[in-house]
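Asks: test case, fold it:
(one chain, ligands or ions: 3)
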Amino acid sequence: MILKVALNVPIDNLFDYKIPSNNSIQPKQGQRIRVPFGKQEKIGFIHGIGSQTKVPASKLKPALKIIDDEPLVNNELLDLISWVANYYHYPIGEVYATAVPLYLRQEKTPKIDAMPTESFQCESHKKLTEEQEQGFKKLLSFFNQRQIVLLDGVTGSGKTELYLQLVDRNLKKNQQVLLLVPEIGLTPQIFERFQKRFGNTVSVVHSGNTNKQRAEIWLKAKQGDVCVVIGTRSAVFTPFKNLGMIIVDEEHDPSFKQQSGLCYSGRNVAIIRAKQNKIPILLGSATPSFESLMNAKKGKYKKITLKQRVFATPLPQTNIIDLRVHSQEQGLTKFLLKAIKKHIENDNQVLLYLNRRGFSPATVCSGCGYIEECPRCDTSMVLHKRNNRLVCHHCNHNKPWEKICTECGSPSSPLGEGTEQIELALKNEFPRTSIVRMDRDTVNSKKQRTRLLDQAKSGTGQILLGTQMLTKGHDFPNLSMVAIVNADQGMFGSDFRSSERFAQTFVQVSGRAGRRKTVGEVFLQTYNPKNPLLNKIISQGYNAFFSEAVLDRKVPQWPPYSHLALLHAQSTQKNSVFDFLNTVRKKGDAINLGNTMLLGPVPSPIEKKAGKFRGQLLLLNTNRKELHRVLDKLCWTIKNTKKTSKVKWSLDVDPIDLS
Ligand code: ADP
Ligand code: ZN
Ligand code: ZN
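Replies: Ligands and ions are numbered 1, 2, ... in the order given. The predicted structure follows:
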């Protein structure tokens, strides 16, 4: 008998071992196993059991110990892991390492208490509105037909209430539920709502958990001791005893996609998992991704729309401020300041959104026009006045701000505005108003985040200012005005998804205004007030915007009209990057590419990052299967090419960031 073992090493192979000597445990797939590996010992997982091996008998070693009597990784999860390794072309041992909590990969097993039996006074369900009721009925019938459902509902339309009532149905059938949410910032809120309904049968997995806590939740779910698991993307790998349904909230959110190592999409893996288990899956969002809307359009998903907010406040009114007419000072026009004044004088809250932290995104020389750059990256240095330093936001390289150009010695001055500057400007304008700024500079711990959010929610902070961090999911009852300080920055980015992202942020952030009593007002500062897409979102909403904006991708065949894979390479030597990519390109051309387009090599949009040169090849096909046929072959050829150790390469399947 040969044990095929998955080990956490960057080699895309299973490793063969004999049964340990004096072994008394029946080997099964999914058990942990300790094995000799070179001069070390490693803990891996029995992924397969066979009778044959290519390893010569003299080299075949016995494993040291089978750790578990019964599989730690159950069959269902094992199948999912295999699928992920295969689809993302990633070493299987490393996929196990992503799926199984660290604590359990160290041969430790926490003791799990049985589920406490204390009875719990649960909050009762809300009576559904008519629109919710209709949606709910449709949902159930689509689930019966084994359809993937996209719940497209404006913010405040009661999507979460539908999740709660769906979960309830599952719990009554003794089935478990997995709820994926994009970010930790959103989790406490949704967790509270679930806990109020279902008590302590709900567990939340998040980055604040200790390794041991994660392992405990993981095992409890596997044993059926928790009923609902709420977590961010990696929670998609939680094993369950009897999983009955998966919900992905804010399905459009880019944070479902891991951006390094195993670049998996938590949402997409969840869809596969639901398919493998033949269980229903619900994708919810107020601003669904273009991919999902396209799938709905093609009939691959069933779409349910909720158009009305539960508290019948109409959606806010949007005002465009034309920056060509209204001059701005420190990023704020007089027009905008007047509006802010009006709202705070009415004792309401105002939110300003700007996705740029620091004082100024750049500094420019008055003599030669040089924009101070990071010596290690292809980006400008960001001025932070708090400590008077120029900081690179890509590699964190920083130096004191001398106010002098490094090229010619002339005076240099700040260019553009970040949140730090806007805060100062607001403080000058409204000296007696309390301002809460939330960005990565003011929030670097969970405690700080909670403190600032509490101020924001209680209304202590009257002006809220921040980056993306502030915009998602939070419910600020007294908020009556939202301002998008610089709409152009998001709308006209270089990526083909820029306008989609902007539209999502715009809708999400404007949805924060006027959720309860008052009708909200939204202000948007732009130099492009006539831009047709911008006007589309404002006047006709996100879905109309989708129908129009998606067409821009049709001719170049960007997703959702195609599927992509990005082969990325980097090295301290520019030549090595391109030598490598050119070799891959030649090999690619030699295999039968069929309809797959192989584009590049080209330098990455950010060509140099942290001292490394970066380049890429892009693969594109309208047919996913075809694309993967080519990827299989291409990866195989790369792996069997003599290693140029100077180059690091990685493959990103379904990339969402091409920079
Ligand atoms: P969404 O998830 O779509 O943003 P929520 O489910 O959070 O919407 O609902 C918005 C608000 O309305 C919440 O405060 C929620 O408790 C409340 N709510 C939702 N459905 C109902 C209902 N049927 N009756 C009363 N209140 C409801
Ligand atoms: Zn200069
Ligand atoms: Zn840098």
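Asks: show me the strands in the stretch 401-550 of the chain, by range?
Replies: In order along the chain, the stretch 401-550 of the chain carries the following strands (DSSP state E, counting those that start in this stretch): 412-415, 435-438, 463-466, 479-484, 521-526.
Asks: out of those strands, nearest to ligand 1?
Replies: Between ligand 1 and the strands of the stretch 401-550 of the chain, the tightest spacing by C-beta to the nearest ligand atom is seen for strand 479-484, at 13.9 Å. Using the backbone N, CA and C atoms, a C-beta is placed for each residue, glycine as well.
Asks: pairing partners for that closest one, with directions?
Replies: Partners of strand 479-484 in the sheet, by DSSP bridges, are strand 349-353 (parallel), strand 521-526 (parallel).
Asks: CSV for those strands, including distance to ligand 2?
Replies: Converted to CSV, those look like this (distance: least, C-beta to the ion, whole Å):
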stretch, distance to ligand 2
strand 349-353, 33
strand 521-526, 30
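Asks: which of those strands sits most buried?
Replies: Comparing those on average neighbours per residue, with mean count of other C-beta atoms under 10 Å, the densest one is strand 349-353 at a mean of 27.
Asks: reformat the strands paired with strand 479-484 as TSV; add mean pLDDT and distance to residue 604.
Replies: As requested, the strands paired with strand 479-484 are arranged in TSV below (pLDDT from 0 to 100; distance: least, C-beta to C-beta, whole Å):
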stretch	mean pLDDT	distance to residue 604
strand 349-353	96	28
strand 521-526	96	29
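Asks: need those in a markdown table (columns: distance to residue 279).
Replies: As requested, the strands paired with strand 479-484 are exported to a markdown table (distance: least, C-beta to C-beta, whole Å):
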| stretch | distance to residue 279 |
| --- | --- |
| strand 349-353 | 37 |
| strand 521-526 | 39 |
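Asks: tabulate those (a markdown table), appending distance to ligand 1.
Replies: What follows is the strands paired with strand 479-484, written out as a markdown table (distance: least, C-beta to the nearest ligand atom, whole Å):
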| stretch | distance to ligand 1 |
| --- | --- |
| strand 349-353 | 16 |
| strand 521-526 | 17 |
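Asks: for the ones you listed, which one sits closest to residue 498?
Replies: For the strands paired with strand 479-484, the distance to residue 498 is smallest for strand 521-526, at 14.1 Å, taking C-beta to C-beta.
Asks: domain map for this structure?
Replies: 2-105, 130-306, 317-358+418-553, 563-653 (automatic domain parsing).
Asks: looking at the ones you listed, which is closest to ligand 3?
Replies: Nearest to ligand 3, of all these, is domain 563-653, at 5.9 Å by C-beta to the ion.
Asks: what about the strands in the stretch 51-200 of the chain?
Replies: Defined through DSSP E, counting those that start in this stretch, the strands belonging to the stretch 51-200 of the chain, from first to last, are 65-66, 148-153, 176-180.
Asks: where does the closest residue to ligand 1 within the stretch 251-400 of the chain land on pLDDT?
Replies: Here the residue of the stretch 251-400 of the chain nearest ligand 1 is residue 310; by C-beta to the nearest ligand atom that distance is 3.8 Å. Note for residue 310: predicted pLDDT of 88.
Asks: tell me the secondary structure for it?
Replies: Secondary structure assignment for residue 310 (DSSP: H, G, I helix; E, B strand; the rest coil): coil.
Asks: tell me the contacts of the closest residue to it other than its chain neighbours?
Replies: If you skip the residues right next to it in sequence, residue 310 has residue 158 as its closest partner in space, 4.7 Å away by C-beta to C-beta, 6 or more residues apart in numbering. Under the criterion of C-beta atoms under 8 Å, 6 or more residues apart in numbering, the contact list for residue 158 reads 128-129, 132, 306, 310.
Asks: which two in those residues are spaced the farthest apart?
Replies: By the measure C-beta to C-beta, 128 and 306 form the most distant pair in the contacts of residue 158, at 10.8 Å.
Asks: so for the two, which sits in the more crowded spot?
Replies: residue 306 (22 against 17; other C-beta atoms under 10 Å).
Asks: sorry, back to before: for the strands of the stretch 51-200 of the chain, could you give me a markdown table that also reports mean pLDDT, mean neighbour count and distance to ligand 3?
Replies: Listed next are the strands of the stretch 51-200 of the chain as a markdown table, based on pLDDT from 0 to 100; neighbours: other C-beta atoms under 10 Å; distance: least, C-beta to the ion, whole Å:
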| stretch | mean pLDDT | mean neighbour count | distance to ligand 3 |
| --- | --- | --- | --- |
| strand 65-66 | 96 | 18 | 46 |
| strand 148-153 | 98 | 24 | 39 |
| strand 176-180 | 97 | 25 | 33 |
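Asks: to residue 532, which of those lies closest?
Replies: Shortest distance between residue 532 and those, using C-beta to C-beta, is found for strand 148-153: 22.7 Å.
Asks: what packs against that closest one?
Replies: Contact here means 3 or more C-beta pairs under 8 Å, 6 or more residues apart in numbering; DSSP states H and E; on that basis strand 148-153 packs against helix 130-144, helix 159-172, strand 281-285, helix 290-297, strand 301-306.
Asks: what do you get if the cut-off is 7 Å, keeping everything else the same?
Replies: helix 130-144, helix 159-172, strand 281-285, strand 301-306 (3 or more C-beta pairs under 7 Å, 6 or more residues apart in numbering; DSSP states H and E).
Asks: now the angle from the first one to helix 159-172?
Replies: Relative orientation of helix 130-144 and helix 159-172, computed by axes from the mean of the first three to the mean of the last three C-alpha atoms, to 10 degrees: 50 degrees.
Asks: hmm, who's touching helix 130-144?
Replies: Helix 130-144 is contacted by residues 128, 149, 158, 161-162, 165, 280, 302, 304, 306, 308 when judged by C-beta atoms under 7 Å, 6 or more residues apart in numbering.
Asks: what angle separates it from strand 148-153?
Replies: Orientation of helix 130-144 against strand 148-153 (the same axes, to 10 degrees) gives an angle of 170 degrees.
Asks: using CSV, write down the CA coordinates of helix 130-144.
Replies: Taking C-alpha atoms only, helix 130-144 is exported to CSV below (Å, rounded to 0.1, in the frame of the first residue of the first chain):
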residue,chain,number,x,y,z
GLU,A,130,-44.9,42.4,0.3
GLU,A,131,-41.8,42.8,-2.0
GLN,A,132,-39.7,40.6,0.4
GLU,A,133,-42.5,38.1,0.6
GLN,A,134,-42.6,37.8,-3.2
GLY,A,135,-38.8,37.6,-3.4
PHE,A,136,-38.8,34.9,-0.7
LYS,A,137,-41.3,32.7,-2.5
LYS,A,138,-39.4,33.0,-5.8
LEU,A,139,-36.2,32.2,-4.0
LEU,A,140,-37.6,29.0,-2.6
SER,A,141,-38.9,27.9,-5.9
PHE,A,142,-35.6,28.6,-7.6
PHE,A,143,-33.8,26.7,-4.9
ASN,A,144,-36.1,23.8,-5.5
